[in-house]
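Engineer: coords below, sequence missing:
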């Protein structure tokens, strides 16, 4: 087995770091030993995950913990739906194993490359007005603390630690296992179609209330959006997926290969971006099918991009989109990627972007290599006005001073961090920026 590289770079190429050392433990004792040795040497430790954060939250400048050998489901209770999985397991592998067991996650985002620990630690979410992010499906956590000891937490055991640690940015310790509340496998009826933006906004509350999972993609220079409505079907409903040919044409050919070609052309000739964007909006097609839930939730994304995403109060979505529609066309550099809009229910997790408020998520993107700073700054100025909270794994410029005002339990989280990791064993520059310096 080749030794893992000390050099690290995230998927989007926006962040990189070189660690002084890397460990690749195969068991809990190996994780604890790595942490203990680092603490004694006055070094920091970060778990790398799969690099799908656009921020440097996982960057390790001292010791990097590579958990690719610490994977798999360790226990599953079919009756209760409680499943315990090792932290390095990707969502893709977890979904496959749950499928084999006849179980499923209640809700998912549209990417499955993240590790389960990275997904919950950064607040990864899907869409659905009645559903929270992936962290709300967590029933218990096992963590390795700064002194190498191992603790567990749940709603009944260390409840305050549990309220903080489900979206922890890795600030309290290394998550070793995650216990999830799953449910029996289910089939989703998927309906995707182009619709006028004005009509979608006018019917937003109705769509969110009447469909289990609703979202849409808006192309900044076109009047059309692509809507996605996914609804649960009764137990026992057979899947009826798109044919392999249709899947290839719709998703691989159109949404990846053709769209990637358009992006590269727009990057080379910026004057073509607006007409290409309008063309992409105009050629959207309608499709309906039904399939096992995770195959509907998850979409293959091979076109690389940079992304910023903020959660805003649900009632502020119209205001934010109106400002984007008014001001994006004035940008000096055109935007070729669509804007993604999703919703989620309020929760009680201290640093969750949906803490104590029903939220709308607005994600903006730009193709890699194209200018994005002016666009992202404009976006931040708009969402700041309505108390927007940045996704912890997406690009943003806020620091602890600004974030403190967005989260009612921010100071409690910082106090918990100081208690659990007083010497900063799990720190890195990103945490120093968004949480402040320890001590």
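Structural biologist: Ah, there it is. Quick caveat, the model's predicted, so the values are computed rather than measured.
Engineer: tell me the contacts of residue 63?
Structural biologist: 19, 20, 21, 22, 23, 34, 38, 43, 44, 45, 46 (Cβ atoms under 8 Å, 6 or more residues apart in numbering). (Glycine included, C-beta is placed from N, CA and C.)
Engineer: if we go to 7 Å?
Structural biologist: 19, 20, 21, 23, 34, 38, 43, 44, 45 (Cβ atoms under 7 Å, 6 or more residues apart in numbering).
Engineer: Just the buried ones from those residues, in PyMOL syntax?
Structural biologist: Remark: buried members of the contacts of residue 63, expressed as a PyMOL selection using 16 or more other Cβ atoms under 10 Å:
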select buried, resi 19+21+23+34+38+43+44+45
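Engineer: As TSV, the contacts of residue 63 with distance to residue 389, secondary structure and pLDDT would be great.
Structural biologist: Converted to TSV, these look like this (distance: Cβ to Cβ, whole Å; DSSP: H, G, I helix; E, B strand; the rest coil; pLDDT from 0 to 100):
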residue	distance to residue 389	secondary structure	pLDDT
19	30	coil	96
20	34	coil	95
21	35	strand	95
23	34	strand	97
34	32	helix	97
38	31	helix	96
43	32	coil	97
44	26	coil	97
45	27	strand	97
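Engineer: With distance to residue 168 added, can I get the contacts of residue 63 in a markdown table?
Structural biologist: Conversion of the contacts of residue 63 to a markdown table gives the following (distance: Cβ to Cβ, whole Å):
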| residue | distance to residue 168 |
| --- | --- |
| 19 | 21 |
| 20 | 24 |
| 21 | 23 |
| 23 | 21 |
| 34 | 18 |
| 38 | 18 |
| 43 | 20 |
| 44 | 15 |
| 45 | 14 |
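Engineer: What backbone torsions are found at residue 161?
Structural biologist: In this entry, residue 161 is assigned phi and psi values of phi -60, psi -40 (degrees, to the nearest 10).
Engineer: That one and residue 65, how far apart?
Structural biologist: 20 Å (Cβ to Cβ, to the nearest Å).
Engineer: Compare those two and say which one has the larger neighbour count.
Structural biologist: Taking other Cβ atoms under 10 Å, residue 161 and residue 65 do not tie; residue 65 has more neighbours (28 against 21).
Engineer: Would you confirm that the more buried one contacts residue 47?
Structural biologist: Yes. Counting by Cβ atoms under 7 Å, a contact exists between residue 65 and residue 47, whose distance comes to 4.5 Å.
Engineer: Touching both of the two, which residues are there?
Structural biologist: Both residue 65 and residue 47 are in contact with residue 174, where contact means Cβ under 7 Å, 6+ apart.
Engineer: what residue ranges in this protein score low on pLDDT?
Structural biologist: Along the chain, segments meeting pLDDT under 70 span 1-3.
Engineer: How is it partitioned into domains?
Structural biologist: 7-65, 73-184 (automatic domain parsing).
Engineer: Quick check: which of the ones you listed is nearest to residue 231?
Structural biologist: With respect to residue 231, and counting by Cβ to Cβ, the nearest of the domains of the chain is domain 73-184 at 10.1 Å.
Engineer: ok, so what distance separates the residue nearest to residue 222 when sequence neighbours are not counted from residue 58?
Structural biologist: Spatially, and ignoring its direct neighbours in sequence, residue 222 is nearest to residue 281 (3.0 Å; Cβ to Cβ, 6 or more residues apart in numbering). Applying Cβ to Cβ, one obtains 35 Å for the distance of residue 281 from residue 58.
Engineer: okay, the two: which has more neighbours?
Structural biologist: Of the pair residue 281 and residue 58, residue 58 is the one with more neighbours under other Cβ under 10 Å, namely 28 against 21.
Engineer: any idea how far the residue nearest to that one when sequence neighbours are not counted lies from residue 89?
Structural biologist: Beyond its immediate neighbours in the sequence, the residue positioned closest to residue 58 (Cβ to Cβ, 6+ apart) is residue 49, lying 5.0 Å away. Using Cβ to Cβ, one gets 11 Å for the distance from residue 49 to residue 89.
Engineer: Show me the common contact partners of the two, please.
Structural biologist: The contact sets of residue 49 and residue 89 overlap at residue 115 (Cβ under 7 Å, 6+ apart).
Engineer: More neighbours: which of these two?
Structural biologist: For residue 49 and residue 89, the more surrounded residue by other Cβ under 10 Å is residue 49, and the numbers stand at 28 against 22.
Engineer: That one: helix or strand, and which one exactly?
Structural biologist: When secondary structure is defined by DSSP states H and E, residue 49 falls outside every helix and strand.
Engineer: quick one, what contacts it?
Structural biologist: So, once contact is read as Cβ under 7 Å, 6+ apart, residue 49 ends up touching 58, 114, 115, 117, 118.
Engineer: For it, give me phi and psi.
Structural biologist: phi 70, psi -150.
Engineer: Report the separation between it and residue 400.
Structural biologist: With the distance defined as Cβ to Cβ, residue 49 ends up 22 Å from residue 400.
Engineer: Repeat that for residue 327.
Structural biologist: If you measure residue 327 against residue 400 using Cβ to Cβ, the figure is 28 Å.
Engineer: ditto for residue 394
Structural biologist: Applying Cβ to Cβ to residue 394 and residue 400 gives a distance of 18 Å.
Engineer: Between the two, point out the one with more neighbours.
Structural biologist: Residue environment comparison for residue 394 versus residue 400 gives the larger neighbour count to residue 394, 22 against 15, counting by other Cβ under 10 Å.
Engineer: how about the more buried one, secondary structure?
Structural biologist: Remark: residue 394 carries the secondary structure label coil [criterion: DSSP: H, G, I helix; E, B strand; the rest coil].
Engineer: any idea whether residue 433 is helix, strand or coil?
Structural biologist: Three-state assignment for residue 433 (three-state DSSP): helix.
Engineer: Now do the contacts for it.
Structural biologist: With Cβ under 7 Å, 6+ apart as the criterion, the residues that contact residue 433 are residue 399.
Engineer: Would you check that the residue nearest to residue 222 makes contact with residue 220?
Structural biologist: No. Proximity of residue 281 to residue 220 does not meet the contact threshold set by Cβ under 7 Å, at 9.2 Å.
Engineer: excluding its backbone neighbours, what's nearest residue 365?
Structural biologist: Counting by Cβ to Cβ, 6+ apart, residue 365 lies nearest to residue 337, which is 3.7 Å off, once chain neighbours are set aside.
Engineer: what's the residue nearest the centre of the chain sitting at in phi/psi?
Structural biologist: For the chain, the residue nearest the mean C-alpha position is residue 124 (3.0 Å; Cα atoms, centre = their mean). Residue 124 has phi and psi values of phi -60, psi 140 when expressed as degrees, to the nearest 10.
Engineer: what's the closest of the contacts of residue 63 to residue 434?
Structural biologist: When these are ranked by distance to residue 434 (Cβ to Cβ), residue 44 comes first, at 15.7 Å.
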